[in-house]
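Visitor: okay, predicted coordinates and the sequence, questions at the end:
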Amino acid sequence: MSKRPTIHDLADAAGVSIATVDRVLNKRSKVRESTSQRVLLAAEDIGYHASGLLKRRVRESKPVKRLSILLQRSNDEFYEGLGMTICSACSQETQFQFETKIVFMDEVTPEYITKQVIKEGKHADGIALVALDDHTLNRHIEQLVERGIPVFTILSPLSTNTCTGHIGVDNRKAGRTAAWAISRLTTTLGKIGILLGSHRYLNQDIAEISFISYFREIQHNFHLLPPLTNLDDENLAYQATKELLAKHQDLTAIYSAGGGVKGIIRALKEDKKDQKITLICNELTSYTRLALSDNTIDMIIATPVQKLAYRLSDLFAEAFSSKKHQTIAPVKLSVELHVAENL
């Protein structure tokens with residue numbers, strides 16, 4: 001049976017003195033973060049018996065920062081998954097101890113979101129949020145940043161230029177990718193419907209504009225219908241899709257630049273027309289995966305949730321490490337494309 005690693009073995013493996021290992025284990029005096037991490041990694045590598053205690057000690061030595069992450073719709077599978085992934089990513093931050101609070105906003109009016117931002121700003125050290133663009137909300141965010149509280153927008157940017165930063169997919173590429181897919185997957189010429197939550201979600205607004213611009217640039221015989229808004233609500237999306245199907249017998253494709261996809265899927269499944277409607281939508285969830293498998297959806301343009309979560313954690317660490325407020329360049333992630341054959 002192999003000999004149990006000793007504190008001497010750990011010191012040798014980490015390249016530090018026994019006294020340094022003792023300081024990390026027993027919190028006798030402050031040790032540099034990089035040194036503590038090296039000791040912890042060495043302990044896990046050699047199977048040192050107190051590696052669990054070391055992990056707690058290293059975590060306890062980090063500055064504590066309280067994060068409030070404001071997401072939408074607590075009953076939405078995508079946002080539930082995003083919240084859990086952000087919590088997991090923030091728990092693994094090496095420079096700070098992040099205490100992460102997820103706040104779901106079932107009411108998505110500017111007034112309600114502003115109230116939540118004000119409320120969380122009273123105790124949070126940093127805030128990230130998904131929100132529609134609104135001048136009152138933007139003003140309160142600017143005030144938080146002026147107080148030294150970093151604020152990051154997720155998925156959809158805001159028009160204020162004082163946010164600490166933004167992280168989301170490249171919405172111009174997302175919209176053009178949807179247009180490219182429809183132009184190739186739709187075999188019957190006709191009308192194309194466009195659905196989005198609201199033009200005040202700037203990510204959806206950019207995606208819709210880019211979708212339209214693609215068709216302007218190519219020779220085509222499709223007719224793009226005026227966009228319909230559904231506030232990312234399942235029932236409103238259902239009604240909007242039913243309206244498209246009833247008014248336009250030659251409807252051949254739908255691009256959903258926002259949420260409410262459950263309602264769109266339900267309306268298409270109820271439709272008795274023989275003609276196949278090409279559907280491009282956002283985010284891979286259990287219900288969009290099933291609709292992709294049964295050919296209701298043709299392609300899903302998805303946010304790389306794990307990459308977004310870990311990059312957001314890094315952005316908060318970068319903001320807290322800075323001695324003065326600075327705006328961090330927007331992070332644009334490449335979308336993930338899903339079709340039935342690559343599930």
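Guide: Everything's here; your move. Residues are numbered from 1 along each chain as shown.
Visitor: if I look at residue 33, what pLDDT would I see?
Guide: pLDDT for residue 33: 69.
Visitor: again with residue 105
Guide: pLDDT for residue 105: 96.
Visitor: cool, and residue 27?
Guide: 68.
Visitor: cool, residue 90 as well?
Guide: pLDDT, residue 90: 96.
Visitor: check contacts around residue 49.
Guide: By Cβ atoms under 8 Å, 6 or more residues apart in numbering, the contact list for residue 49 reads 4, 5. C-beta here means a position set from N, CA and C on the backbone, and glycine is covered the same way.
Visitor: again, only this time at 7 Å
Guide: residue 4 (Cβ atoms under 7 Å, 6 or more residues apart in numbering).
Visitor: tell me the helix or strand right after the lowest-mean-pLDDT helix or strand in the chain.
Guide: Every helix and strand of the chain was ranked by mean pLDDT, DSSP states H and E. The lowest is helix 51-60, at a mean of 69. Proceeding N to C from helix 51-60, the next assigned helix or strand is strand 64-72, under DSSP states H and E.
Visitor: helices and strands around that following strand, which ones?
Guide: helix 77-91, strand 97-105, helix 110-121, strand 126-129 (3 or more Cβ pairs under 7 Å, 6 or more residues apart in numbering; DSSP states H and E).
Visitor: can you tell me which of the ones you listed is most buried?
Guide: strand 126-129 (a mean of 26; mean count of other Cβ atoms under 10 Å).
Visitor: name every strand pairing with it and say which way it goes.
Guide: Strand pairing for strand 126-129, using DSSP bridges, gives strand 64-72 (parallel), strand 151-154 (parallel).
Visitor: out of those, which one sits most buried?
Guide: The highest average neighbour count among the strands paired with strand 126-129, using mean count of other Cβ under 10 Å, belongs to strand 151-154 at a mean of 24.
Visitor: restricting to C-alpha, output it in PDB.
Guide: Taking Å, rounded to 0.1, in the frame of the first residue of the first chain, the C-alpha atoms of strand 151-154 are listed here in PDB:
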ATOM      1  CA  VAL A 151     -23.000  46.500 -14.400                       C
ATOM      2  CA  PHE A 152     -22.900  44.100 -17.400                       C
ATOM      3  CA  THR A 153     -25.700  43.500 -19.900                       C
ATOM      4  CA  ILE A 154     -26.300  39.900 -21.000                       C
END
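Visitor: helix, strand or coil: sort out residue 166 for me.
Guide: strand (DSSP: H, G, I helix; E, B strand; the rest coil).
Visitor: tell me the contacts of it?
Guide: Contacts of residue 166 (Cβ under 7 Å, 6+ apart): 152, 153, 157, 330.
Visitor: tally of neighbours for residue 340?
Guide: For residue 340, the count of nearby residues is 15 (other Cβ atoms under 10 Å).
Visitor: how near is it to residue 286?
Guide: For residue 340, the distance to residue 286 (Cβ to Cβ, to the nearest Å) stands at 15 Å.
Visitor: likewise for residue 236?
Guide: From residue 236 to residue 286 the distance is 21 Å (Cβ to Cβ).
Visitor: ok, residue 20 next?
Guide: 49 Å.
Visitor: more crowded one of these two?
Guide: Using other Cβ under 10 Å, the more surrounded residue of residue 20 and residue 286 is residue 20, with 19 against 9.
Visitor: the more buried one sits in which helix or strand?
Guide: Using DSSP H and E, residue 20 maps to helix 18-26.
Visitor: next helix or strand past that helix?
Guide: Assigned by DSSP H and E, the successor of helix 18-26 is helix 33-46.
Visitor: quick one: that next one to helix 18-26, angle?
Guide: Counting by axes from the mean of the first three to the mean of the last three Cα atoms, to 10 degrees, helix 33-46 points 90 degrees away from the direction of helix 18-26.
Visitor: helices or strands next to helix 33-46 in the packing?
Guide: Under the contact criterion of 3+ Cβ pairs under 7 Å, 6+ apart, helix 33-46 touches helix 7-14, helix 18-26, helix 51-60.
Visitor: show me the strands in the stretch 101-250 of the chain, by range?
Guide: 126-129, 151-154, 165-169, 191-196, 223-224, 228-229 (DSSP state E, counting those that start in this stretch).
Visitor: follow-up on the earlier one: among the helices and strands packed on strand 64-72, which comes closest to residue 177?
Guide: Closest of the helices and strands packed on strand 64-72 to residue 177 is helix 77-91, at 18.6 Å (criterion: Cβ to Cβ).
Visitor: pull that closest one out as CSV, backbone CA atoms only.
Guide: These are the backbone C-alpha positions of helix 77-91, laid out as CSV (Å, rounded to 0.1, in the frame of the first residue of the first chain):
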residue,chain,number,x,y,z
GLU,A,77,-36.3,26.6,-19.4
PHE,A,78,-33.6,28.6,-21.1
TYR,A,79,-33.3,31.2,-18.4
GLU,A,80,-33.4,28.6,-15.7
GLY,A,81,-30.5,26.8,-17.3
LEU,A,82,-28.6,30.1,-17.8
GLY,A,83,-29.0,31.0,-14.2
MET,A,84,-27.7,27.7,-12.9
THR,A,85,-24.7,27.8,-15.3
ILE,A,86,-23.8,31.3,-14.2
CYS,A,87,-23.9,30.2,-10.6
SER,A,88,-21.7,27.3,-11.3
ALA,A,89,-19.1,29.4,-13.3
CYS,A,90,-19.0,32.1,-10.6
SER,A,91,-18.4,29.5,-7.9
